[in-house]
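[1] coords below, sequence missing:
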């Protein structure tokens with residue numbers, strides 16, 4: 001098998017981390033059409049996104065400790081197998097209720113990808129390289145959600161929503177086969193107590209007592225919720241309100257992902273000179289600027305492709321700077337429990353985003369205001385997490401005497 005730090009393994013990790021984004025973004029252009037195809041209302045269709053995030057959250061809480069106990073490779077194989085079976089069930093679902101259940105199980109399996117890939121990066125690249133590799137990995141992963149809605153838009157127009165679900169079956173099968181053939185084990189010392197309930201909750205309590213971890217956790221959660229604000233609301237705003245077609249919507253979404261790629265790539269380069277807390281500060285500034293602009297346009301009642309997409313690109317630059325840096329800052333102090341540390345961040349990140357998505361679905365009023373207001377709130381939360389928690393904790397750590 002190739003070396004764990006080889007290019008082919010990094011490429012595989014990109015595929016695995018992208019399981020979540022691809023599984024949500026590929027069928028975004030199908031959301032408005034699902035209401036007619038399955039005779040469902042907007043709130044019910046939104047559940048296929050929100051409960052997908054709930055499945056990602058619960059899966060991440062489990063897969064990390066299990067991988068600390070049994071190793072990264074076998075757990076990835078089990079999780080990817082679950083994903084493939086659930087994707088088949090989604091493809092043949094005959095009602096919105098069955099699709100929602102299938103999406104939850106699909107997400108539970110998909111959670112193994114991002115959870116364990118972050119732990120593998122920490123296993124292989126250590127304290128000094130984790131932030132850099134995480135940023136570049138995030139930039140590469142962003143190519144998938146940039147392409148996925150474009151591809152999904154054309155598939156929706158030509159073949160319908162079931163074809164998009166069938167594409168996820170193929171994607172998951174490829175990821176499973178590549179993992180079996182390529183991925184080496186990177187956890188050299190499995191922890192036999194990692195899945196003991198008392199140990200698991202003891203680890204989670206230890207993480208939450210660490211002020212830096214807590215601050216970075218909030219930074220990740222608010223930044224990701226910002227992505228999901230747009231994912232949840234943009235197809236209805238741009239397709240139903242502005243009037244773009246599903247295939248054009250895919251291009252709009254792709255343009256926004258470019259902002260995330262710019263932010264992540266810049267974060268990777270800057271991480272050689274700037275600590276994670278500095279990058280989170282810069283990222284939160286861009287998030288506030290973009291969210292403030294889109295909120296102003298929403299309040300003036302002038303939604304258009306330019307006034308929605310332009311400010312969101314700025315917002316996504318901030319997310320791209322914030323999320324990888326905050327992830328690295330959270331995992332670096334815990335090399336022996338990287339899987340569990342990654343799990344807790346992922347669980348809270350996904351749970352919070354799912355609640356935000358549910359809220360947007362229920363308050364949608366055929367304007368851009370619910371989406372814009374939610375983006376402004378989470379941008380403010382990310383900024384407060386930095387100034388009230390991360391910044392003072394980082395200062396205390398910098399002033400602390402070195403260990404004897």
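    Yes, it's here. Remember, it's a predicted structure, so these values are computed and weren't measured experimentally. Numbering: from 1, shown residues only.
[2] Show me the helices in the stretch 201-350 of the chain, by range?
    Assigned by DSSP state H, counting those that start in this stretch, the helices in the stretch 201-350 of the chain fall at 211-235, 246-270, 276-299, 305-331, 338-363.
[3] Could I get the buried residue list for the third one?
    By neighbour count, with 16 or more other Cβ atoms under 10 Å as the criterion, the buried positions of helix 276-299 are 276-288, 290-295, 297-298. Every residue, glycine included, has its C-beta placed from N, CA and C.
[4] where are the low-confidence patches of this structure?
    The model of the chain has pLDDT under 70 over residues 1, 4, 126-131, 145, 398-404.
[5] what about the helices of the stretch 201-350 of the chain, which gets the closest to residue 9?
    helix 338-363 (16.6 Å; Cβ to Cβ).
[6] name the helices or strands packed onto that closest one?
    helix 42-70, helix 112-141, helix 197-209, helix 211-235, helix 305-331, helix 369-385 (3 or more Cβ pairs under 8 Å, 6 or more residues apart in numbering; DSSP states H and E).
[7] mind giving me TSV with those and columns for mean neighbour count and distance to residue 260?
    Formatted as TSV, those follow (neighbours: other Cβ atoms under 10 Å; distance: least, Cβ to Cβ, whole Å):
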stretch	mean neighbour count	distance to residue 260
helix 42-70	24	18
helix 112-141	24	8
helix 197-209	15	26
helix 211-235	26	8
helix 305-331	26	4
helix 369-385	23	14
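[8] Redo these as TSV? Include distance to residue 13.
    Formatted as TSV, those follow (distance: least, Cβ to Cβ, whole Å):
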stretch	distance to residue 13
helix 42-70	14
helix 112-141	5
helix 197-209	23
helix 211-235	18
helix 305-331	13
helix 369-385	26
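[9] And the helices of the stretch 201-350 of the chain: which comes nearest residue 390?
    Judging the helices of the stretch 201-350 of the chain by Cβ to Cβ, what sits closest to residue 390 is helix 211-235, at 3.5 Å.
[10] Can you tell me the closest non-neighbouring residue to residue 381?
    Nearest non-adjacent residue to residue 381, counting by Cβ to Cβ, 6 or more residues apart in numbering: residue 222, 4.1 Å away.
[11] er, residue 111 actually
    Once flanking residues are discounted, residue 111 sits nearest to residue 59: 2.8 Å by Cβ to Cβ, 6+ apart.
[12] The one you found touches residue 112, doesn't it?
    Yes - between residue 59 and residue 112 there is a contact at 6.6 Å, judged by Cβ atoms under 8 Å.
[13] Return every residue with contacts to both of the two.
    residue 79 (Cβ atoms under 8 Å, 6 or more residues apart in numbering).
[14] Give me the number of neighbouring residues for residue 97.
    Neighbour count for residue 97, taken as other Cβ atoms under 10 Å: 13.
[15] other SSEs contacting the helix or strand where it lies?
    If you go by DSSP states H and E, residue 97 is part of helix 96-110. Applying 3+ Cβ pairs under 8 Å, 6+ apart, we find helix 96-110 packed against helix 19-25, helix 42-70, helix 72-91, helix 161-182.
[16] Not counting the third one itself, show me its contacts.
    For helix 72-91, the external contacting residues (Cβ under 8 Å, 6+ apart) are 16, 19, 59, 63, 66-67, 98-99, 102-103, 105-106, 108-113, 116, 119-120, 123, 162, 165-166, 168-169, 172-173, 175-176, 179-180, 183-187, 339.
[17] Can you give me the neighbour number for residue 301?
    Residue 301 has 9 neighbours, counted by other Cβ under 10 Å.
[18] Next up, phi/psi of it, please.
    When read as degrees, to the nearest 10, the backbone of residue 301 gives phi 70, psi 30.
[19] who's in contact with it?
    Here residue 301 is in contact with residue 367 (Cβ under 8 Å, 6+ apart).
[20] From residue 241, how far off is it?
    Here residue 301 is placed at a distance of 11 Å from residue 241 (Cβ to Cβ, to the nearest Å).
[21] Tell me which residues touch the nearest residue to residue 360 once chain neighbours are set aside, please.
    Nearest residue to residue 360, sequence neighbours excluded (Cβ to Cβ, 6+ apart): residue 232, at 4.6 Å. By Cβ under 8 Å, 6+ apart, residue 232 lies in contact with 46, 49-50, 356-357, 360-361, 371.
[22] same thing but at 10 Å, please
    24, 28, 31, 46, 49-50, 53, 225, 353-354, 356-361, 364, 370-371, 374 (Cβ atoms under 10 Å, 6 or more residues apart in numbering).
[23] Residue 269 now?
    132, 135-136.
[24] Then residue 330?
    118, 207, 210, 212-217, 219-220, 276, 338, 341-342, 344-345 are the contacts of residue 330 under Cβ under 10 Å, 6+ apart.
[25] Now for residue 154: which residues touch it?
    Contacts here follow Cβ under 10 Å, 6+ apart; on that basis residue 154 touches 29, 163, 246-247, 250.
[26] Residue 245 versus residue 21, what's the distance?
    Computed with Cβ to Cβ, the distance linking residue 21 and residue 245 is 22 Å.
[27] again with residue 183
    From residue 183 across to residue 245, the span is 40 Å (Cβ to Cβ).
[28] quick one, which of the two is more surrounded?
    Taking neighbours as other Cβ under 10 Å, residue 183 and residue 245 compare with residue 183 leading, 23 against 14.
[29] count of residues packed around the nearest residue to that one once chain neighbours are set aside?
    Take residue 183 and drop its neighbours on the chain: the residue closest to it by Cβ to Cβ, 6+ apart is residue 73, 5.6 Å away. Using other Cβ under 10 Å, residue 73 has 18 other residues around it.
[30] just to revisit the earlier point, who wins for proximity to residue 320 among the helices and strands packed on helix 96-110?
    helix 19-25 (12.9 Å).
[31] ok so, going back, now the helices and strands packed on helix 96-110 in CSV, with distance to residue 202?
    As requested, the helices and strands packed on helix 96-110 are exported to CSV (distance: least, Cβ to Cβ, whole Å):
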stretch, distance to residue 202
helix 19-25, 28
helix 42-70, 11
helix 72-91, 21
helix 161-182, 30
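[32] Those: which one's closest to residue 257?
    helix 19-25 (8.4 Å).
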